[in-house]
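1. Okay, predicted coordinates and the sequence, questions at the end:
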Amino acid sequence: FYATGTSTFKSTFTDATGATANTNPVTANANGVFPAIFLEGIFNVALKDANDVQIWTADPVTFSGVSVVNSLSNVTALRALTTVAVGESYYLEGHTETNIGSGMLLCTKAHGSEVDNNGTLFVVDGFVIERPIEGYATIDMVGANGNNTFDNGAIIQSAINNNLIVKIRSAAYLSSAALTLAEGNRLEGSGAASKVSSSIAHGCWLNYTGTGAAISAVGAFIGFDSRRSIFIGGLSILANTASSGILGDFLTQSEIHDVSLFGNGVAGSVGLDLKNSYDNIITKCAFNGFETGHISTIKSAPNDVFSGQTHYDGCDFWDNAANGCEFTASDNVFAQIAGIGLVISGGKNHTVEIYGGHFESNVGGDVHVTSTVLHGPRIRAHFNSEVTANPKVLLDGNRTFILEGTEFVSGGTSIEVNGDSNVIGRSYHR
């Protein structure tokens, strides 16, 4: 810190009393965190690296009774403050651990009715201290720990309850509690791991150890009260003990992208279980190791208007004990679908598109279509199965489109056609 227009050092202080001057230059610690800096007046400010090479400078810079930063090691130190004042800023080195959940905080006002959420808003010494961020939070901000041991369930749910957008970094977050998403929630991971490996050594993971669904978005048929505009992406979910990885009931206008779901063959388990859901996009997802990778069903009347209109692109269905994927629209279809990879059944499904999918090692077969709807499913995918007893694609219904570019690999029958008005484009059989 220099006097403006010169290279003459000008003092800054360790607290608001001005009794003790900082060293000049003020030196950051090994984590790049500076101590508290109090200053007033006009300065020439320069930032230099450890080799005294200048990185940035500004002159003149005017300060009036400002604390540039009060450095706090963690939330415990933040809550211990007793001299808080509006306008003071703080640098939190970490929520619980250094460099995890770190960031700037600002004292914005005296406390009124604001609720302390232990992440983006804190009530300390009768004042509100907030992160200067709008619209999102990381789960590290609220004290999550990605060591695959600490139980983060309640912490992650708290972040979801208080922020529309919640972000998750690459780490393994264990949770014994099911997570619930409301309308408009976005759960954004930093990227799913491999589609074929459940190793948590890399990627962004939710390791769910509870029962039921790991993540739920459940609406109700009350004046079309569905869960709309939900996004789940960039995340791997290990759900070895769960009934499902993701459960959506009356889920609409939502997107699931770059999500890998891994199960452990639990009886009745489903990777992605959608009920009464429509107008959704599911892309670049993997459904591995469940009894059924994905099920989309609708209820009986009067709610059977909900189905279909869902686009699937680049999804993989691997090693599911019974079925890779099912689309059902009536109460009696369960007798028809045992041991099938992809089932599209009933006259209510419409505008179902499967593009770029990969079906492999699903017991019994890959696609079974019995729909007689006017606009049947449209399929362009890769089928690779060692099972030779059943056809990879069985068309017992009408008006299904096997599009140009579909590939069939390994022995057995590729396509068996028993219905009418089905269209099979130029495809590859090997």
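-> Right, received. Where do you want to start? Residues are numbered from 1 along each chain as shown.
2. can you tell me how far residue 238 sits from residue 205?
-> 6 Å (CB to CB, to the nearest Å). To be clear about C-beta, it is placed using only N, CA and C from the backbone, and glycine gets the same treatment.
3. cool, residue 174 as well?
-> Distance from residue 174 to residue 205, by CB to CB: 9 Å.
4. ok, residues contacting the strand or helix carrying residue 77?
-> For residue 77, the host element (DSSP states H and E) is helix 75-79. Residues from elsewhere that reach helix 75-79, judged by CB atoms under 8 Å, 6 or more residues apart in numbering: 72, 90, 92, 95, 96, 105, 118, 122, 124, 129, 143.
5. can you check stretch 142-153 too?
-> Residues contacting stretch 142-153 (CB under 8 Å, 6+ apart): 75, 95-97, 100-101, 117-120, 139-140, 155-156, 158-159, 169, 171-179, 200, 205, 207, 210.
6. Drop anything exposed from those.
-> 75, 95-96, 100-101, 117-120, 139-140, 155-156, 158-159, 171-175, 177-179, 200, 205, 207, 210 (16 or more other CB atoms under 10 Å).
7. in which helix or strand would I find residue 42?
-> Counting by DSSP H and E, residue 42 is found in strand 37-48.
8. Can you spell out which helices and strands pack onto that strand?
-> strand 2-3, strand 54-72 (3 or more CB pairs under 8 Å, 6 or more residues apart in numbering; DSSP states H and E).
9. Ignoring the adjacent residues along the chain, who's closest to residue 262?
-> residue 198 (4.1 Å; CB to CB, 6 or more residues apart in numbering).
10. and if you look at residue 240?
-> According to CB to CB, 6+ apart, the nearest residue to residue 240 is residue 264 (3.9 Å).
11. residues touching that neighbour, list them.
-> 240, 241, 289.
12. Distance to residue 27 and pLDDT for those - can I get that in a markdown table?
-> Putting the contacts of residue 264 into a markdown table (distance: CB to CB, whole Å; pLDDT from 0 to 100) gives the following:
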| residue | distance to residue 27 | pLDDT |
| --- | --- | --- |
| 240 | 49 | 91 |
| 241 | 50 | 90 |
| 289 | 52 | 87 |
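13. Quick one: low-confidence residue ranges for this protein.
-> 31-33, 63-69, 133-135, 220-227, 298-309, 327-408, 410-430 (pLDDT under 70).
14. got the residue ranges for the helices in it?
-> 75-79, 153-162 (DSSP state H).
15. Could I get the CA-only coordinates of the shortest one as CSV?
-> In CSV, the C-alpha atoms belonging to helix 75-79 read as follows (Å, rounded to 0.1, in the frame of the first residue of the first chain):
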residue,chain,number,x,y,z
VAL,A,75,-18.0,-20.9,10.8
THR,A,76,-17.2,-21.5,14.5
ALA,A,77,-14.9,-18.4,14.4
LEU,A,78,-17.6,-16.5,12.5
ARG,A,79,-20.2,-17.2,15.2
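16. Next, the buried residues of it.
-> 75, 78.
17. do stretch 83-91 as well
-> 84, 88, 90, 91.
18. okay, those residues in JSON lines with distance to residue 111 next?
-> JSON lines is the format used below for these (distance: CB to CB, whole Å):
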{"residue": "84", "distance to residue 111": "10"}
{"residue": "88", "distance to residue 111": "15"}
{"residue": "90", "distance to residue 111": "16"}
{"residue": "91", "distance to residue 111": "22"}
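19. any idea which of those residues is closest to residue 49?
-> residue 91 (18.9 Å; CB to CB).
20. picking that back up, just flag the most distant two among the buried residues of stretch 83-91.
-> Checking these with CB to CB, the most distant pair is 84 and 91, at 14.9 Å.
21. Between the two ends of stretch 218-234, what distance do you get?
-> 21 Å (CA to CA, to the nearest Å).
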